[in-house]
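K.L.:
return atomic coordinates for the entry below.
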Amino acid sequence: MNLQFSSCFLFLGLFLSVSTLTPEECQPLVTPLSLEDPSMLHGMTHFITGYTDSAVYNELLNASDSYWMNITASPSSDKTLVCHQEHKLNGICYGMTVSFTIDGNVVTVNVGNMSAEYHVLPGCDGCVVLSGNSTVKDLNQYFGYMNYESSIKTDNMVNARVFYLMAKERTVKDSDLEKFKQQASCLGFSGEPDFDFDPKTDLCKEGEGSNMVLN
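P.N.:
Numbering: from 1, shown residues only. Just a heads-up that it's a prediction; the model follows:
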């Protein structure tokens, strides 16, 4: 077999490996997990990679260096979780503490002018895969807290679909990343992720920067 034909077969193999899955193949990848036991979300995880369909969110992801969150049980209810997150944006750390509510198999967040709903999808061991929709009604207030100014003009309200891979470790296996990209394709996202975490990046320590508590 000559080099030209070998190259053609190699290209074909690469194409097939990332080709779109059928609806039947997608179903087990995007069926939400049960949240009957919310402790599956407990602990600290790092933001490894993710997609969004929002230009504003995409710009924010491009300016992000790192992000981690730590989820614990709330003393008030077994259907409520407390999430503390640390976000390094353009080299500066910003902390935030919010409450999550479990409603069936949906994680809901309603704080101030921000609301979001997330499903937890199948993922690798030690990973949390989140598929969600979020709405921010006063984006300038949110950006003002982080001293961030977007170059994208909006009507001050943004709706976005997001798909995030969180993990307890700073890295995941290549095979797990490929599965995540397959899931993203099943959900309608295409191309390379909008955020990829560099594991060499220093993380924010809890309390290192300003902190906002939202209830």
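K.L.:
drop to CA atoms for contacts and neighbour counts, all remaining ones
P.N.:
Noted.
K.L.:
just the CA trace of stretch 131-138, in PDB.
P.N.:
C-alpha atoms of stretch 131-138 as PDB (Å, rounded to 0.1, in the frame of the first residue of the first chain):
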ATOM      1  CA  SER A 131     -25.300  20.200  31.600                       C
ATOM      2  CA  GLY A 132     -27.200  23.400  32.300                       C
ATOM      3  CA  ASN A 133     -29.100  26.400  31.300                       C
ATOM      4  CA  SER A 134     -28.500  29.800  33.000                       C
ATOM      5  CA  THR A 135     -30.000  33.200  32.900                       C
ATOM      6  CA  VAL A 136     -28.300  36.400  34.300                       C
ATOM      7  CA  LYS A 137     -30.600  39.400  34.300                       C
ATOM      8  CA  ASP A 138     -28.100  42.000  35.500                       C
END
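K.L.:
now it: buried residues?
P.N.:
131, 132, 133, 134, 135, 136, 137 (16 or more other Cα atoms under 10 Å).
K.L.:
among those residues, which lie within strands?
P.N.:
Judged by DSSP state E, the buried residues of stretch 131-138 include 131, 132, 133, 134, 135, 136 as members of strands.
K.L.:
what about residue 71, distance to residue 193?
P.N.:
Separation of residue 71 from residue 193 (Cα to Cα, to the nearest Å): 24 Å.
K.L.:
what about the two, which has more around it?
P.N.:
residue 71 (22 against 17; other Cα atoms under 10 Å).
K.L.:
so the most centrally placed residue in the chain is in which element?
P.N.:
The structure's the chain has its C-alpha centroid closest to residue 164; by Cα atoms, centre = their mean the separation is 2.3 Å. Here residue 164 sits within strand 158-167, counting by DSSP states H and E.
K.L.:
can you name every helix or strand that that strand contacts?
P.N.:
strand 43-52, strand 127-136 (3 or more Cα pairs under 8 Å, 6 or more residues apart in numbering; DSSP states H and E).
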